[in-house]
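Student: predicted model follows, preceded by the sequence.
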Amino acid sequence: MNRKQGRLPLLVKLPSIIVNKIMPQQYRYIITKSLFILTLICFTSTLSNSNYGQGIDEPLFTHGVASGDPLPNAVIIWTRVSRHTLSPVTVKWTIAKDKKMTQVVKSGELITDRSTDYTVKVDAAGLLPATDYYYQFKAGHTLSVVGKTKTAPLGNPVKLQFAVVSCSNYAEGYFTALDKIAARNTLDAVIHLGDYIYEGTQRNFNSRAVLDSEETTIVPSNKAEWLAYYRKRYAVSHLDSNLQHAHQQLPFINIWDDHETVDNAHKDGSYMHDPQSHGLWEDRKAAAKQAYAEWLPIRGDASRIYRSLKFGNLMELILLDTRLEGRDPQITNAADNRLYDENRTILGNTQRQWLLQKLSSSTATWKVIGNQVIFSDFHVEWAAGTGLFADKIQQLENNLLDYWQGYPAERHKLLSHIEKNKINNVVILSASMHCALAFDVFESDEKKNTPVTYVPATGKGSLAVEFATPSISSANFDEKIGFYTASAFEASINTTLPLPFNMNPNPHMKFVDLDQHGYFILELTQQRAKASWYFVESVLVPIAGEELAESWYTDKDQNHLQQDAEKRE
Ligand SMILES: [Fe+2]
């Protein structure tokens, strides 16, 4: 029995004991009942007002703390009141210069209630640039853990470092990578490119349902379609100790992919969304956005998540929404000629104009585009002729149309803009495929008769570079199609194939790994943009080792990749 359970009976019994000792028998019932009701009212009132939490020793902030969207003078801090009545709760917040929270620089209080699922989000302004801060929340007498965050720099920072992650499927494995990231003390922020939650119930051999007791199996067990279910998905993820630790140590910069709403989402729905059984798309989309805004340390209400964040003159991080903002429905067959329709868009016209303007006007050395899906061409059609994995090749080719590959006209517009305006130092971050990839980015769309000027050996003709992050835990190629098939495919995908092919199907693909979970560290200096991929030994256990796989970089104004011989950062 915990302290809360032990105290309540005594609290209720005490008035009765007193009454029984001093009152005549005939008055005892009426007075005892009145005192009992009075005690109950007082107790309920105590729970409801700002003293909530007093005497309760169970954690009030079970879902941890988080921070995000750092600006030079502000950062979002977040928590959730995890135990509450149905009444509003007053929460105090404090930001200090030291871990012990003695040198307080900002503080305030607000009231949270069920309209925001008892989440708490503060846009704490008036801070200094490039500065470490500590923050803490208090409700009643209960304190949250102390979180650490950092504001963005102004001027000319010597170096920036980010961990880039995606696809944290709770059901498919532990967030081992986030434990490793939390331990790094040189990072400016974590960039999460989406699939923070999964609306479905995917389970494979990595499933926590297999590894853990049933309490940790995915909740709810059916698909998230309504606000309460989306909220529950975030609540379950936020109980993960590695995820909590990473949020506690570092600011996050989040964008969503499709699974925060539904698999293969586009502006107007998804083939996985049936209005007959799932309700109106606009209602579902609004619910998914609301839960996202409540549970993540993102600035504002997430009605629009494409935005840019500046890190001094060294980097402008241009974050896109290639899912819900303007995406046309996916073409599901690579042979469908509508694929090449000039008007097909993954961004929508407004967002595309915003992006082009950002790229033209940014004065930062590195224009880093944070984006959900693979940007570069990924040729797989050759594999059908090898007999290797032939039964799945058609499906894979069609699946790739969910990425920029399915929107060639818009990709062409973006690359033309970069080329015409001689915009150097564009770095594209991508995810969603659950693979580690590095590309030289060039115009390669043969069907549009675009002259191919790219020279793989030298990188000449490359207009930008792309780094793709593997999944934190979501199933990779080996977990989907088997280790041997995945390994054979990986070994052939960017090498010169023997006759009758006698060509490299993806010469612009400089690095590929289809099987590993982990993340990459993006390191920027005035001279260089480098990605170093780290793979964890296992997602079958919460804590495991990690290993540096490879590092690739582009030097300033070079716009093509070279491998870092040292490997180590
Ligand atoms: Fe994913």
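Tutor: Ah, there it is.
Student: just the pLDDT for residue 222.
Tutor: As predicted, residue 222 sits at a pLDDT of 60.
Student: same deal with residue 41?
Tutor: 34.
Student: same question for residue 20.
Tutor: So residue 20 comes in at 39 (pLDDT).
Student: repeat for residue 318
Tutor: 98.
Student: and if you look at residue 480?
Tutor: 77.
Student: count the neighbours of it for me.
Tutor: By other Cβ atoms under 10 Å, the residues close to residue 480 number 15. The way it works is simple: take the backbone N, C-alpha and C, and place the C-beta from them, glycine included.
Student: likewise residue 160?
Tutor: 23.
Student: same check, this time on residue 370
Tutor: That count, for residue 370 with other Cβ under 10 Å as the rule, works out to 26.
Student: so it makes contact with residue 431?
Tutor: No. If you go by Cβ atoms under 8 Å, residue 370 and residue 431 don't touch, sitting 9.3 Å apart.
Student: identify the contacts common to the two.
Tutor: Residues touching both residue 370 and residue 431 (Cβ atoms under 8 Å, 6 or more residues apart in numbering) are residue 193.
Student: quick one: neighbours of the residue of the stretch 451-569 of the chain found nearest the ion, just the number.
Tutor: In the stretch 451-569 of the chain, the residue that lies nearest the ion is residue 474 (4.5 Å; Cβ to the ion). Neighbour count of residue 474, defined by other Cβ under 10 Å: 28.
Student: using CSV, list the CA coordinates for stretch 113-131.
Tutor: Output of stretch 113-131 as CSV, limited to C-alpha atoms (Å, rounded to 0.1, in the frame of the first residue of the first chain):
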residue,chain,number,x,y,z
ASP,A,113,-6.9,21.4,-18.2
ARG,A,114,-8.4,18.7,-20.3
SER,A,115,-8.8,20.9,-23.3
THR,A,116,-5.0,20.4,-23.9
ASP,A,117,-4.9,16.9,-22.3
TYR,A,118,-3.2,18.5,-19.3
THR,A,119,-0.1,19.3,-21.4
VAL,A,120,1.9,22.4,-20.5
LYS,A,121,3.7,24.5,-23.1
VAL,A,122,5.5,27.7,-22.5
ASP,A,123,7.3,29.9,-25.1
ALA,A,124,9.9,31.2,-22.7
ALA,A,125,11.3,34.5,-24.2
GLY,A,126,13.9,37.0,-23.1
LEU,A,127,16.8,34.5,-23.1
LEU,A,128,20.4,34.9,-24.3
PRO,A,129,21.6,33.3,-27.5
ALA,A,130,23.7,30.1,-27.6
THR,A,131,23.2,29.6,-23.8
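Student: so which bits of this structure are right by the ion?
Tutor: 167, 195, 474 (Cβ under 5 Å from the ion).
Student: assign residue 338 to helix, strand or coil.
Tutor: Under DSSP: H, G, I helix; E, B strand; the rest coil, the three-state class of residue 338 is helix.
Student: in terms of pLDDT, where does the residue nearest to it when sequence neighbours are not counted sit?
Tutor: Excluding the flanking residues, the one nearest residue 338 by Cβ to Cβ, 6 or more residues apart in numbering is residue 331, at 5.9 Å. pLDDT for residue 331: 95.
Student: got it, and residue 389?
Tutor: So, for residue 389, pLDDT stands at 68.
Student: for residue 324, same thing?
Tutor: 98.
Student: any idea how many residues pack against it?
Tutor: 22.
Student: hang on, it is in a helix, isn't it?
Tutor: No. Assessed with three-state DSSP, residue 324 is coil; it does not lie in a helix.
Student: A strand includes residue 177, no?
Tutor: No. According to three-state DSSP, residue 177 belongs to no strand; its state is helix.
Student: count the residues that sit near it.
Tutor: Neighbours around residue 177, by other Cβ under 10 Å: 28.
Student: quick revisit: quick check: the residue nearest to residue 338 touching residue 401?
Tutor: Yes. Between residue 331 and residue 401 a contact is recorded at 5.1 Å, counting by Cβ under 8 Å.
Student: list residues touching both of the two?
Tutor: residue 339.
Student: once you drop chain neighbours, what's closest to the residue nearest the centre of the chain?
Tutor: Closest residue to the average C-alpha location of the chain: residue 192 at 3.4 Å, with Cα atoms, centre = their mean. Leaving aside its chain neighbours, residue 192 sits nearest to residue 254 (4.7 Å; criterion: Cβ to Cβ, 6+ apart).
Student: hmm, that neighbour is touching residue 296, no?
Tutor: Yes. The criterion here is Cβ under 8 Å, and residue 254 meets it with residue 296 at 5.0 Å.
Student: identify the contacts common to these two.
Tutor: 68, 196.
Student: between these two, which is the more surrounded one?
Tutor: Each of residue 254 and residue 296 has its neighbours counted (other Cβ under 10 Å); residue 296 has more, 28 against 23.
Student: would you map out the domains in the chain?
Tutor: Here the domain parsing of the chain from automatic domain parsing is 3-53, 65-150, 160-563.
Student: please state the offset of the last one from the chain centre?
Tutor: In other words, domain 160-563. Remark: domain 160-563 is offset 10 Å from the chain centroid, using Cα atoms, centre = their mean, to the nearest Å.
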